[in-house]
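Trainee: Below is the sequence, then the predicted model.
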Amino acid sequence: MTKEDVNKFEKVQSQIEGLLLEVTNLAKKSPNDAVNKFKLKFINEILIEANTILGKAYKPLSSFEKFDEDDLPSNSDVSFILSQYLSCFEKLRADNIYRKKEYDGNKYFYEWYWLIDKAESSVKTAPPKKIK
Amino acid sequence: MSIIRPRLTDYHNIPLTQEEVDFAIPFIDEDIPLYVDPFLLWKSPSMQDNSLHLLITNSFNHLGYLFTSGKEKEALELLIRASECNEVGLGNSKSKTGKKIGEKLATNVLSPFTLIPELKKSGFTHFEEIQLLIDNFSKDRVSDIACNFIQSFLIDFTIEQSEKYGIPIEKVTLQNVYNPKSFKFSEEVTHLPVNPENKSPILFVPKRWLKFVPWINTDDYFTNYYIKNIHNPNEEFPERVKLLDFNRQNYDIVKAYTAIKEKTIENCKNDPLFNQVPITSAKRKISTITKLPTGKTDNADRKYEDNVCPLMASLLYPHLDFAKEQSRTDSGVQIRDMIFYNNKTSDFLKEIYETYDCKQIVMELKNVKEVKQEHILQLNRYLKEQFGRFGVIITRNPPPAKVTKNIIDLWSAHRKCILVLDDSDLKMMTSVFESKQRNPIEVLKKKYIEFTRACPS
């Protein structure tokens, strides 16, 4: 991944996290209610961007590209797909980070950094989450 | 004419929904079950409506003037001519022709002008008060008299609307056009839409003037005014004729009632031609539907129809205007459960209109555990003429694979499209009806897209 890829990755991942939170709240209230066209349009925009970041190898479902508004996806459909995407984002991140042992004068601890252009970088990241 | 409950616009293949036009679309072989309420013209913010109300009232009061000044015959003749307006086609008539009132009733209607000094002196402000004074004079007469006195305006309105929407007009002779300058009815030759069945002229009426029951009416007067304010609880309720007599003797009470009605005009609204069920009622209906057992136990099939019909009519409004439930075929042997007009209001409806020649959409209700081949064949038998080759089955569960295959085969062989909606689809339609995130008709479109995807390419 290049530095630009990492930037883009972090932006899109946080957007999907935000969407998932919103849609999950809606899905808890009325799981079978349809998502309106306005929301779907932007969800699709983000998913298209996510597809380019994940590439063929990491894309969660080979037959899914984006939502078709005529299919009337429900809140629970959208939250299901978004959580799949988030898991794959995490998998991609976990494969592209490394940890370094550091000392703060008192104790040793591990910091996590991105691998940029296959080399260790100084761009910090969070430890890998347990992949669901 | 094979369309069920045809409207003028359907006859001319003009796709209009009732929602988008300003007038009530007339039916070809029956009346519109609403009435012109002069009170709506009085309360309207438009000065045009107010002046039309004034014209109606003045014209009616002029009858009173004639009646009390020795020209009784002339007054009665005018009132009798004004008492029926077949051109507007409002009311409950199945035949579209009404009868004029007789001389006896006409004399009764004008008698308050001689009996009540106040009326003799200054006339009515709201002539619908006559309903509270005279027996056998009801809302249809109020409506027809009002329409007759303003027929000249209605002619202009009809021509304007016909030109706007491309409704064909023909040369006609109207017998009853009122001239407020000479206070006389006369013949007039003009151009109007005509009933294709019998060539009689048709006048459009603005939707904003229509109500099921006039704002001033006997039932409301009796229950909301007389009982509460006038009636002595220790006495028996007077019978209708006695009550009307009491009103004639005490016209000030009627005036007081009218004054209250004038003050509460905010509540006086025109009635829409179709009322959607409220969301709470829709939710109640869907919950009743999903709890019903399948089959005919405890009349479950009847209850299913009673709940699904109003629910679907409301869910699909305003995209589809509801035409009729339980419509029989010409032979009377078969009954189609629900029929909608297809007005091509969306790309999906346009597509089924063009691809499947579907001018009216037929929906068949089946409260069965499993849709069977015979149900598909039954609907298939209806798919001709105005229904084209498109139909919908509403049932409880998704169809089994073999039935789905049969439906696809029907498309392959005859290019007929049958969609099956089940409980889950109705639930989703109700859910989007409540949340307003999407239109319920899009669920139907979704089923159509799923169907087209399943068809062999």
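Mentor: Arrived safely, thanks for sending.
Trainee: How many neighbouring residues does A:Ser74 have?
Mentor: Using other Cβ atoms under 10 Å in any protein chain shown, the number of residues around A:Ser74 comes to 22. C-beta: built from backbone N, CA, C; applies to glycine.
Trainee: and it, bridged to which residues?
Mentor: Beta-bridge pairing of A:Ser74 under DSSP bridges involves A:Ala34.
Trainee: What are the contacting residues of stretch B:265-278?
Mentor: For stretch B:265-278, the surrounding residues in contact (Cβ atoms under 8 Å, 6 or more residues apart in numbering or on different chains) are B:18, B:24, B:32, B:34, B:37, B:39-40, B:43, B:207-212, B:215, B:261, B:285, B:310-311, B:313-314, B:317, B:321-322.
Trainee: cool, and stretch B:399-419?
Mentor: B:352, B:356, B:370-373, B:376, B:379-380, B:383, B:389-393, B:420, B:444, B:447-448, B:451, B:454-456.
Trainee: change it to 6 Å
Mentor: Stretch B:399-419 is contacted from outside by B:356, B:370-371, B:373, B:376, B:379, B:383, B:389-392, B:420, B:447, B:451, B:454-455, using Cβ atoms under 6 Å, 6 or more residues apart in numbering or on different chains.
Trainee: Buried only: go through those for me.
Mentor: The neighbour count (16 or more other Cβ atoms under 10 Å in any protein chain shown) marks B:Tyr356, B:Val371, B:Ile376, B:Leu379, B:Leu383, B:Arg389, B:Phe390, B:Gly391, B:Val392, B:Val420, B:Lys447, B:Phe451 as buried among those.
Trainee: can you list the weak-confidence ranges in chain A?
Mentor: The model of chain A has pLDDT under 70 over residues A:131-132.
Trainee: Okay, strands next: where are they in it?
Mentor: Counting by DSSP state E, chain A has strands at residues A:97-103, A:108-116, A:119-125.
Trainee: so what strands line up beside the second one?
Mentor: In other words, strand A:108-116. strand A:97-103 (antiparallel), strand A:119-125 (antiparallel).
Trainee: Output those strands in TSV, with mean neighbour count and distance to B:Leu55 appended to each entry.
Mentor: Below are the strands paired with strand A:108-116 laid out as TSV (neighbours: other Cβ atoms under 10 Å in any protein chain shown; distance: least, Cβ to Cβ, whole Å):
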stretch	mean neighbour count	distance to B:Leu55
strand A:97-103	12	84
strand A:119-125	13	81
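Trainee: what comes up buried for the biggest helix by length in chain A?
Mentor: Ranked by residue count and defined by DSSP state H, the top helix of chain A is helix A:3-29. By neighbour count on 16+ other Cβ under 10 Å, the buried set for helix A:3-29 is A:5-6, A:8-9, A:12-13, A:15-16, A:19-20, A:22-24, A:26-27.
Trainee: anything in it sitting right up against chain B?
Mentor: No - Helix A:3-29 is not in contact with chain B by Cβ under 6 Å from any Cβ of the partner chain; minimum separation 9.0 Å.
Trainee: Now for B:Lys228, how many residues are close by?
Mentor: 8.
Trainee: roughly how far apart are A:Phe38 and chain B?
Mentor: 9 Å (Cβ to the nearest Cβ, to the nearest Å).
Trainee: Could you report the distance from that residue to A:Glu69?
Mentor: To A:Glu69, A:Phe38 is 10 Å away according to Cβ to Cβ, to the nearest Å.
Trainee: B:Thr173 too?
Mentor: When B:Thr173 is compared with A:Glu69 (using Cβ to Cβ), they lie 54 Å apart.
Trainee: Neighbour count for the two, which is higher?
Mentor: A:Glu69 (17 against 10).
Trainee: Thought A:Leu40 was touching the more buried one, still the case?
Mentor: Yes - counting by Cβ atoms under 6 Å, A:Glu69 touches A:Leu40, with 5.2 Å between them.
Trainee: PyMOL command to pick out the buried ones of the contacts of stretch B:265-278?
Mentor: In PyMOL, a selection of the buried entries from the contacts of stretch B:265-278 looks like this (16+ other Cβ under 10 Å):
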select buried, chain B and resi 18+24+32+34+37+39+40+43+207+209+210+211+215+261+285+310+311+313+314+317+321+322
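Trainee: now, which of the contacts of stretch B:265-278 lie within strands?
Mentor: Members of these lying in strands (criterion: DSSP E): B:Leu210, B:Lys211, B:Asp321, B:Phe322.
Trainee: Return only those of those residues found close to chain A.
Mentor: With Cβ under 6 Å from any Cβ as the criterion, these include none near chain A.
Trainee: TSV for those residues, including pLDDT?
Mentor: As requested, the ones in strands among the contacts of stretch B:265-278 are exported to TSV (pLDDT from 0 to 100):
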residue	pLDDT
B:Leu210	93
B:Lys211	91
B:Asp321	87
B:Phe322	86
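Trainee: Check whether the helix or strand containing B:Tyr448 comes close enough to chain A to count as a contact.
Mentor: Secondary-structure assignment from DSSP states H and E places B:Tyr448 in helix B:441-454. Yes - using Cβ under 6 Å from any Cβ, helix B:441-454 reaches chain A at B:Glu442, B:Lys446, B:Ile449.
Trainee: Chain neighbours aside, what residue packs nearest to the first one?
Mentor: Here the nearest residue to B:Glu442 in space, its sequence neighbours aside, is A:Leu72; by Cβ to Cβ, 6 or more residues apart in numbering or on different chains that works out to 5.7 Å.
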